[in-house]
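Novice: could you look at this predicted model? Sequence included:
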Amino acid sequence: MILGIMPHYRILPLGDTALTLEFGDRIDPALQAAVSALDQAIGAARAQGHLHGIVETMPTFRSLTVIFDPLETDHDRITELLNTLPGSSLEQPLQGRHWLLPACYEPSFAPDLDSVAHTIDGDTKTVVHLHSGCEYVVYMLGFLPGFPFMGDLPEPLHLPRRTEPRTRVPAGSVAIATGLTAIYPWESPGGWHLLGRCPVPLFDARQEAPALLQAGDHVRFDPVSATEYARIERALAAGELDASAFQTSCEAKPA
Amino acid sequence: MKAWLELTATGVYTSIQDRGRPGFRRIGVPASGVLDPALMQIANTLAGNSADHPVVECYDGGQCLAAVGGSVRIAVAGSARLELIRGDERVTLAAWRSVTLAPGERLRVVSIGPGRLAMIAIQGLKLVPVLGSCSTYSRAALGGLAGRALSAGDQLPVATDVPDGRELELPAPWTTEDRPIRVVPGPQFDHFGDAGLATLLAGDYRVGTASDRMGIRLEGPAIAHLPGMDSEIVSDAIVPGAIQVPGNGQAIALLADAQTAGGYPKIATIISADLDRVAGKPPGASIRFTAVSAAEGVTAARDSAQRLARAIQSIRPCAPDSGQSIDIDALYRSNLVSGVVDAARSGGAQPDMTE
């Protein structure tokens, strides 16, 4: 019996080891929520010993990829099992956490703040106000371990990537591009516009949950001075402060 | 006695790999893992380890490893030319068998080929897993030794005190078929249509020089995106084997260290049974593709696993037991030496002693 979840996604083969369940082709909080709901339903079924042969699932903006062991199962089998998932589990509300993450927007940490202000015909205060003035949803983690794709940015900050990507973006950089914002967990090449720096590490393999954020979380940025940035960074490194201190119990109030 | 294996030379690129790090894609951590799982399993079985134990993955040869502080048993899987160095003696050695290095003895991977990958298993290699795996993923400093590729002077600790049991050999080298690489069309086949797929399947592609554990560039006929289709998509998941096509039409086949998601449409995905052959192709090598169904891909994976299981079952003790350290004369007798650098010592050898 089809339980009403099939119409929501297309099933696309991804080689002999995976299927991609595609809910749409856009960045849209509703698609992310649908992806997350199916991901949770599969997680719950696996926890009960069902869905034999699945290795892991990978949620993205708009699709859920199911990776399986072809020695244990196959595409048809996985598709059949997905049809048996209880539809009701898809209606459970998502339990995303809320975060208020410090961000220093001072010039030494914000090499692109001036150019972004110039591009949008505003001043740097406006850019900081816009960027820190709303709460973002974490659509997915990818590109690098712990790298959160968050959105949506206020309309004026919708910019394409830089025409000249940097070969070296510092770890902790708070950046924007293509309607999204992110924090670089690692030093890496990158083409996004750098507006500031966050002192809270986004990935620590020693932790039970190595990534600070997960898909479905909500993030707001809290502008801090360079002095405050340094204090937080020191306190985190010394173990006097835990990253969980930046989690808020409910939706953060507007600044 | 505490022993370790010291790398005295690392060659082109050498890293610790095992089965990989499944389960963390959702937080952006790639699967990683060995590029040729069959070679890993064979090498480990020969060395007396469990099949998925971490191995030293070697690109292109040039690696040299010395036993220090005690005897260390190792085994090399792959089409590699090997040399055992003991004092002034240099003996050419066949792959596909275990060898116990006495303290001070060294094994050198002279060259690898055809193909560019070989795996060195070390009995009792003792490393600390990170996120469930010892695989090196250097971009995020995960696994291996301190999260990085191996370099000269690195010491690999060995837990086994004294290797026991006889040396093991694989009677017939593990080979792969020289036939087109099988791909399953999709997931974004509809960005290219039949014309795009026909370009991929008809093209004689070459492996680009900028190729590594993340992926290989396919140099050859550009694959056109259908009119009206964007050359970028909203990111979705990648698995090793996915062939992504950026706006310039130059395809890239992604491998174990590829990022978990990407914004280029993927025309097709190389099946897991053929991915080792792709990863092992050196720059400039020819590569051709043929399309199969997803179900055929699954069947190929199962056939490949059965074939590997049979090969591993065929592993047997070497004829003469050479004891704690390698006995070169015994190697002559057992016909495992493929040639000898010191010509004076080869006088009594059988004339047809190629491997």
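Specialist: Arrived safely.
Novice: can you pull out the strands in the stretch 101-250 of chain B?
Specialist: In the stretch 101-250 of chain B, the segments counted as strands under DSSP state E, counting those that start in this stretch are B:106-112, B:117-122, B:155-158, B:168-169, B:181-185, B:205-207, B:215-219, B:236-237, B:242-244.
Novice: can you say which of these is nearest to B:L255?
Specialist: Nearest to B:L255, of all the strands of the stretch 101-250 of chain B, is strand B:215-219, at 5.2 Å by Cβ to Cβ. All C-beta atoms are positioned from the backbone trio N, CA, C, and that covers glycine.
Novice: how about the residues of the stretch 1-150 of chain A near chain B?
Specialist: Proximity of the stretch 1-150 of chain A to chain B, by Cβ under 8 Å from any Cβ of the partner chain, involves residues A:12-18, A:20, A:22, A:25-27, A:55-63, A:65, A:67, A:70-71, A:74-76, A:140-147, A:149.
Novice: what residue of chain B is the furthest out?
Specialist: Centroid-distance maximum for chain B: B:G228 at 40.7 Å, with Cα atoms, centre = their mean.
Novice: distance check, that residue against B:P246.
Specialist: B:G228 sits 17 Å away from B:P246 when distances are taken as Cβ to Cβ, to the nearest Å.
Novice: next one, pLDDT for the residue farthest from the centre of chain B please.
Specialist: Looking at B:G228, its pLDDT reads 90.
Novice: returning to that earlier point: mind putting the strands of the stretch 101-250 of chain B in JSON lines, mean neighbour count included?
Specialist: Formatted as JSON lines, those follow (neighbours: other Cβ atoms under 10 Å in any protein chain shown):
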{"stretch": "strand B:106-112", "mean neighbour count": "20"}
{"stretch": "strand B:117-122", "mean neighbour count": "28"}
{"stretch": "strand B:155-158", "mean neighbour count": "18"}
{"stretch": "strand B:168-169", "mean neighbour count": "20"}
{"stretch": "strand B:181-185", "mean neighbour count": "24"}
{"stretch": "strand B:205-207", "mean neighbour count": "20"}
{"stretch": "strand B:215-219", "mean neighbour count": "22"}
{"stretch": "strand B:236-237", "mean neighbour count": "28"}
{"stretch": "strand B:242-244", "mean neighbour count": "25"}
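Novice: just send those strands back as TSV, with distance to B:K281 and mean pLDDT too.
Specialist: What follows is those, written out as TSV (distance: least, Cβ to Cβ, whole Å; pLDDT from 0 to 100):
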stretch	distance to B:K281	mean pLDDT
strand B:106-112	12	97
strand B:117-122	10	98
strand B:155-158	28	96
strand B:168-169	27	96
strand B:181-185	9	98
strand B:205-207	5	97
strand B:215-219	7	95
strand B:236-237	25	96
strand B:242-244	14	97
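Novice: can you give me the domain assignment for the chain?
Specialist: Answering for chain A, as no chain was given. As given by automatic domain parsing, the domain ranges for chain A are A:6-91, A:98-248.
Novice: wait, chain B
Specialist: The record's domain parsing of chain B by automatic domain parsing lists B:3-174+B:319-346, B:181-309.
Novice: how about the first one and chain A, touching?
Specialist: Yes. Applying Cβ under 8 Å from any Cβ, one finds domain B:3-174+B:319-346 in contact with chain A at B:22-29, B:130-131, B:139-140, B:142.
Novice: where do the helices sit along chain A?
Specialist: Remark: helices assigned in chain A by DSSP state H are A:29-47, A:75-83, A:113-119, A:124-132, A:226-237.
Novice: show me where the stretch 1-150 of chain B has its helices.
Specialist: B:37-47 (DSSP state H, counting those that start in this stretch).
Novice: quick one: contacts for B:A118?
Specialist: B:L39, B:C58, B:G61, B:V76, B:A77, B:G78, B:S79, B:A80, B:A95, B:V109, B:I112 (Cβ atoms under 8 Å, 6 or more residues apart in numbering or on different chains).
Novice: among these, who's most crowded?
Specialist: B:V76 (31 neighbours; other Cβ atoms under 10 Å in any protein chain shown).
Novice: which strand residues bridge it?
Specialist: When assigned by DSSP bridges, B:V76 has beta-bridge partners B:I120.
Novice: report pLDDT for it.
Specialist: B:V76 is given a pLDDT of 98.
Novice: in CSV: the contacts of B:A118, plus distance to A:E80.
Specialist: Output for the contacts of B:A118, formatted as CSV (distance: Cβ to Cβ, whole Å):
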residue, distance to A:E80
B:L39, 35
B:C58, 43
B:G61, 48
B:V76, 44
B:A77, 38
B:G78, 40
B:S79, 42
B:A80, 45
B:A95, 44
B:V109, 47
B:I112, 44
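Novice: nearest to B:V292 among those residues?
Specialist: The shortest approach to B:V292 among the contacts of B:A118 belongs to B:L39, at 23.5 Å (Cβ to Cβ).
Novice: give me the distance between that closest one and chain A.
Specialist: Applying Cβ to the nearest Cβ, to the nearest Å, the value for B:L39 to chain A is 18 Å.
Novice: repeat for B:R166
Specialist: B:R166 is 31 Å from chain A, by Cβ to the nearest Cβ.
Novice: which pLDDT value does the model give that residue?
Specialist: With respect to pLDDT, B:R166 scores 89.
Novice: with adjacent residues omitted, what lies nearest to B:A141?
Specialist: B:G147 (3.1 Å; Cβ to Cβ, 6 or more residues apart in numbering or on different chains).
Novice: with A:V127 instead?
Specialist: Nearest to A:V127 is A:A117, by Cβ to Cβ, 6+ apart, at 5.0 Å.
Novice: can you read off the pLDDT for the one you found?
Specialist: With respect to pLDDT, A:A117 has a value of 97.
Novice: can you count the residues close to it?
Specialist: If you count neighbours by other Cβ under 10 Å, A:A117 ends up with 17.
Novice: again with B:S151
Specialist: Neighbours around B:S151, by other Cβ under 10 Å: 11.
Novice: quick one: contacts for it?
Specialist: Residues counted as contacts of B:S151 (Cβ under 8 Å, 6+ apart) are B:L7, B:T10.
Novice: what distance do you get for it to B:I16?
Specialist: Taken as Cβ to Cβ, the span from B:S151 to B:I16 is 12 Å.
Novice: pretty sure B:L156 sits against B:L7.
Specialist: Yes. Taking contacts as Cβ atoms under 8 Å, B:L156 lies within contact range of B:L7: 7.4 Å.
Novice: shared neighbours, these two?
Specialist: Contact criterion Cβ under 8 Å, 6+ apart; residues shared by B:L156 and B:L7: B:L65.
Novice: any weak-confidence spans in the stretch 151-255 of chain A?
Specialist: Applying pLDDT under 70 to the stretch 151-255 of chain A flags the ranges A:250-255.
Novice: which stretches in it count as strands?
Specialist: Under DSSP E, counting those that start in this stretch, the stretch 151-255 of chain A gives strands at A:166-169, A:173-177, A:180-183, A:188-190, A:193-197, A:218-224, A:247-248.
Novice: closest to B:G203 out of those?
Specialist: Nearest to B:G203, of all those, is strand A:188-190, at 29.1 Å by Cβ to Cβ.
Novice: the closest one close to chain B?
Specialist: Yes. Residues of strand A:188-190 contacting chain B under Cβ under 8 Å from any Cβ: A:S188.
Novice: that strand: how far from the chain's middle?
Specialist: Distance, stretch centre to chain centre, for strand A:188-190: 17 Å (Cα atoms, centre = their mean, to the nearest Å).
Novice: pLDDT below threshold where in the stretch 1-150 of chain B?
Specialist: Applying pLDDT under 70 to the stretch 1-150 of chain B flags the ranges B:1.
Novice: dump the helices of chain A to TSV, plus distance to B:V184.
Specialist: Converted to TSV, those look like this (distance: least, Cβ to Cβ, whole Å):
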stretch	distance to B:V184
helix A:29-47	22
helix A:75-83	9
helix A:113-119	42
helix A:124-132	42
helix A:226-237	46
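Novice: closest one to B:A3 among those?
Specialist: helix A:226-237 (37.1 Å).
Novice: now the closest one: how far from the chain's centre is it?
Specialist: Using Cα atoms, centre = their mean, the offset of helix A:226-237 from its chain centre is 24 Å.
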